[in-house]
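# here's my sequence, what's the structure:
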Amino acid sequence: MKRQAAAVIPTPWGNFNMIAFSNTEEEQMPHLAMVHEDMDAAHPVLVRIHSECLTGDLFGSKRCDCGEQLDQAMQMCAEEGGIVVYMRQEGRNIGLINKLKAYKLQDTGLNTADANTHLGLEVDGRQYDEAIQILEALAVNKIRLITNNPLKLDAIKDSSIQLVERVPIIIAPQKQNKGYLQTKEELMGHLFDSQGKK
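As a prediction, the model looks like this:
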């Protein structure tokens, strides 16, 4: 995992340095670090590790809350000089084609977890080792992690990065994603509260 290229990207939330990380410079879909221009690694850095969701992030799908989480995280990181690490692990790392197949199954009544297992896939196959490598490459040692996902907390706790605080990210449910959010909370243990914790 190497830093391959970087450029300043002016966004609606302010200026971020977009840094592409991959094993080779020929990689078509590198992981990305969106580093706000005011980021200071000498202090605990506000960080969001966000897994790609093409349907939500780009097209605004209301089946999930991913796009809204990304927007909110970008705003929070702009306000506090933070970093959004954008991981290319679509659909909890099952890929877009399988994700669309899972959506079709969800339309028949299966929840998001059962749809994945029905396809012979993991409920959540994401890995965070490379996100940690990216933070290490950016000389970030202490973070305040924007997440509701206990698996991300565990990954950081088992790494060289010190987790100073969990910062909740709360998105109001909509009728189209209410069941999805309920599954994340009840079956996957996501922490939908307004209180951060270590």
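# and residue 105, that one's in a strand?
No: according to DSSP: H, G, I helix; E, B strand; the rest coil, residue 105 belongs to no strand; its state is helix.
# hang on, residue 171 packs against residue 72?
Yes: with contact defined as C-beta atoms under 8 Å, residue 171 and residue 72 form a contacting pair (7.0 Å). (Glycine included, C-beta is placed from N, CA and C.)
# got the domain ranges for the chain?
Domain assignment for the chain by automatic domain parsing gives 2-89+127-186, 94-125.
# show the subsequent helix or strand relative to whichever strand or helix holds residue 156.
Here residue 156, judged by DSSP states H and E, is contained in helix 150-157. The element immediately downstream of helix 150-157 (helix or strand, assigned by DSSP H and E) is strand 162-167.
# which helices and strands does that next one pack with?
Under the contact criterion of 3 or more C-beta pairs under 8 Å, 6 or more residues apart in numbering; DSSP states H and E, strand 162-167 touches strand 142-146, helix 150-157.
# quick one, what contacts residue 30?
Counting by C-beta atoms under 8 Å, 6 or more residues apart in numbering, residue 30 touches 4, 20, 21, 22, 88.
# what about these, which are in strands?
Among these, the members found in strands (DSSP state E) are 4, 20, 21, 22.
# contacts only, for residue 114.
Counted by C-beta under 8 Å, 6+ apart, residue 114 has contacts residue 105.
# what are the boundaries of the strands in the chain?
2-11, 14-22, 31-36, 45-51, 83-87, 142-146, 162-167.
# ok, which of those strands comes nearest residue 117?
strand 45-51 (18.8 Å; C-beta to C-beta).
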